[in-house]
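1. Quick one: sequence plus predicted model below, questions after.
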Amino acid sequence: MNSFKKKNVELPLSAVWLTNSISEYKGKQDIYTKQTPQVLKTLFETALIESAESSNRIEGVTIDRARLKPLLIGHSRPRDRSEEEVAGYRKALDLIHKKYKSISITPEIIQEFHSLCRNESWDAGKWKEKDNDIIRKNPDGRVEVIFRPVSAAKTPEMMEQLCLSYEYSISQLKYPDLYAVACLVLDFLSIHPFRDGNGRVSRLLTLLALYQHGFMVGKYISIERIIENSKETYYENLNKSSQKWHDARHDVIPWLNYFLGTVLTAYKEFEIRARNINSLRGTKKELVIQVINSQHGEFTISDIERACPSVSRVMIKKVLLQMHKARKIKGIGIGQSARWKRMVY
């Protein structure tokens, strides 16, 4: 496929540094995964919830946060279309977690991921039937085409070529592993093979390929959440690297650097959270207080949730209010955008 047509690839120093840093964290991966089972379980469940929530929310699919845990970890059944799609993403994650060693990256598995994500929609698992331009709506109301993906007619052939090119590149050690994964995802998004759900499938493809190369961080830290938190940069670098893609004259590096930065961010967070959870002791209330007291600058309730995955949001809110009443922290803003800050006297 187009990104795999490049010969004699020379990585800039930025990409080399990022790749080496990730490799160092990968080398320490076993240390983190030898935590107590409960620590790994809480990290895994938190990542599962955040991944399903963020990957769908990026595409405009949202559900009530109170429904996430019952739907994704409990046995609650979906109540509407949005919940079906979020639950479907979780099923795709389950498939990857359980069978990543035996799954081959083929057009068929990519269609299966889409079928799970779209969950009984009429287009589930089907290549697009019509061409689909990537557009941007300008403030003045004008609609601008920023990228024209592969046509619907050529999509099946191009997806076959992409999977073969990726398989050949890794079997022949043509490119560094992380470079090959980044190219796989970039080419997939440039083909844009489905009518809807391409972003979600690309993130599942990312996890699968990373797992197969031994980069297991996405099992315990939500890469999808990190992408959501940096989605403007995500789209900016994707747009840069997709220019001239059809002629294979595109520049992979902007996308590669973003991709590597995302993986490195996940590994750094994994190290911090694994250490924190293993060192914290006491009641759930005491755990929350310890985490709040360790915060520097402003923080959100979601920051505390991620650091205390075994503690409910209700308990965290209760502790925040108690500490606010005791003038140990102050609130900034209201509603979903509310932030907190420790009081220093």
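-> Everything's here; your move. Residues are numbered from 1 along each chain as shown.

2. Give me the spatial nearest neighbour of Glu228, chain neighbours excluded.
-> Ser54 (4.1 Å; CB to CB, 6 or more residues apart in numbering). From N, CA and C alone the C-beta is placed, and that goes for glycine too.

3. how much space between Gln170 and Ile134?
-> Careful, residue 170 is Ile; it's not Gln. Using CB to CB, to the nearest Å, Ile170 is found at 28 Å from Ile134.

4. just Asn237 next, same as before
-> For Asn237, the distance to Ile134 - CB to CB - is 14 Å.

5. ditto for Val252
-> Noted for Val252: a distance of 18 Å to Ile134, by CB to CB.

6. between those two, who's got more neighbours?
-> Val252 (22 against 18; other CB atoms under 10 Å).

7. my read: that one touches Leu184, true?
-> No - using CB atoms under 8 Å, Val252 makes no contact with Leu184, being 11.3 Å away.

8. who touches both of those two?
-> Ser3 (CB atoms under 8 Å, 6 or more residues apart in numbering).

9. what separates stretch 143-155 from the chain centre, distance-wise?
-> Averaged C-alpha coordinates place stretch 143-155 at 24 Å from its chain's average position (CA atoms, centre = their mean, to the nearest Å).

10. buried ones in it?
-> For stretch 143-155, a neighbour-count test (16 or more other CB atoms under 10 Å) marks Phe147, Arg148, Pro149, Val150, Ala152, Thr155 as buried.

11. check contacts around the closest residue to the first one other than its chain neighbours.
-> Closest residue to Phe147 in three dimensions, ignoring its sequence neighbours and counting by CB to CB, 6+ apart: Ile134, at 4.1 Å. With contact taken as CB under 8 Å, 6+ apart, Ile134 is in contact with Val145, Ile146, Phe147, Arg148, Pro149, His192.

12. and if we set it to 10 Å?
-> 144-149, 189-190, 192, 198, 235, 238-239, 242 (CB atoms under 10 Å, 6 or more residues apart in numbering).

13. pLDDT score assigned to it?
-> Confidence at Ile134, expressed as pLDDT, is 90.

14. repeat for Asn138
-> Looking at Asn138, its pLDDT stands at 81.

15. what do you get for Val61?
-> Residue-level pLDDT assigned to Val61 equals 93.

16. Over to Ile292?
-> pLDDT, Ile292: 89.

17. Can you give me the buried ones in the helix or strand it falls within?
-> In this structure, Ile292 sits in helix 284-293 according to DSSP states H and E. By neighbour count on 16+ other CB under 10 Å, the buried set for helix 284-293 is Leu287, Val288, Ile289, Gln290, Val291, Ile292.

18. Any stretches of the stretch 1-150 of the chain with poor pLDDT?
-> For the stretch 1-150 of the chain, the stretches flagged by pLDDT under 70 are 35-36.

19. where do the strands sit along it?
-> All strands of the stretch 1-150 of the chain, identified by DSSP state E, counting those that start in this stretch, fall at 134-137, 143-147.

20. List the contacts of the longest one.
-> Contacts to strand 143-147, defined as CB under 10 Å, 6+ apart, come from residues 133-138, 189-190, 192, 235, 238-239, 242-243, 245-246.
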